[in-house]
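Undergrad: Take a look and give me a structure for this.
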Amino acid sequence: MTDESSIEKFKSDVAAMRVREASVARENAMRIVGCLLMVAGVALGIYGVTASLGAEVVKNGAENPSGIAAQRDAITQSLLGVTLAIVGATLFLRYSFGQFLRYWLARSIFEKSRNS
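TA: Numbering: from 1, shown residues only. Down below sits the predicted model:
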């Protein structure tokens with residue numbers, strides 16, 4: 001079997017599977033969104049921690065209710081930042097690995113059909 005006929009056979013086999021084509025633009029956009037979410041999450045987390053540490057919990061020897069509330073708000077911002085970073089990393093990894101594994105699978109199938 002020649003290389004051209006095996007390539008044509010591979011293309012016809014893939015077309016017969018009726019596999020949905022990947023949207024490259026959507027995958028790239030989701031990867032970029034994932035990166036942006038990671039950066040925003042880390043920035044929000046750092047801001048929340050620094051704001052939490054800077055809140056005046058004790059003022060003039062007594063508890064400061066507004067300082068405690070500000071500290072709780074800052075901790076909530078930090079947790080939101082961590083959540084955004086995790087969601088961003090998940091999006092980035094999912095779409096990066098998806099593209100790589102599709103390429104690897106197609107290459108593996110082609111090599112197996114070529115060797116048999």
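Undergrad: ok, Ser113 - how many residues close by?
TA: 14 (other CB atoms under 10 Å). Every residue, glycine included, has its C-beta placed from N, CA and C.
Undergrad: any idea how far it lies from Ser5?
TA: The spacing between Ser113 and Ser5, counted by CB to CB, to the nearest Å, is 11 Å.
Undergrad: now do Pro65
TA: Distance from Pro65 to Ser5, counting by CB to CB: 80 Å.
Undergrad: next one: Asp13
TA: For Asp13, the distance to Ser5 under the criterion CB to CB works out to 12 Å.
Undergrad: what does Ser108 give?
TA: Note on Ser108: its distance to Ser5, by CB to CB, is 20 Å.
Undergrad: what's the answer for Arg31, then?
TA: Applying CB to CB, one obtains 37 Å for the distance of Arg31 from Ser5.
Undergrad: Neighbour count for those two, which is higher?
TA: Arg31 (18 against 9).
Undergrad: Surely that one and Ser96 touch.
TA: Yes. Here Arg31 lies in contact with Ser96, judged by CB atoms under 8 Å, at a distance of 6.2 Å.
Undergrad: which stretches of this protein have low pLDDT?
TA: Scanning the chain for pLDDT under 70 picks out 1-3, 18-22.
Undergrad: And the strands in it?
TA: 58-59, 62-63 (DSSP state E).
Undergrad: Show me what the first one pairs with in its sheet, parallel or antiparallel.
TA: In the sheet, strand 58-59 lines up against strand 62-63 (antiparallel) (DSSP bridges).
Undergrad: now the strand it pairs with, how far from the centre of its chain.
TA: Taking the mean of its C-alpha atoms, strand 62-63 sits 43 Å from the chain's own mean (CA atoms, centre = their mean, to the nearest Å).
Undergrad: And the lengthiest helix in the chain, what does it pack against?
TA: Across the chain, the helix with the greatest residue count (assigned by DSSP state H) is helix 65-115. Where contact means 3 or more CB pairs under 8 Å, 6 or more residues apart in numbering; DSSP states H and E, helix 65-115 is packed against helix 3-17, helix 24-54.
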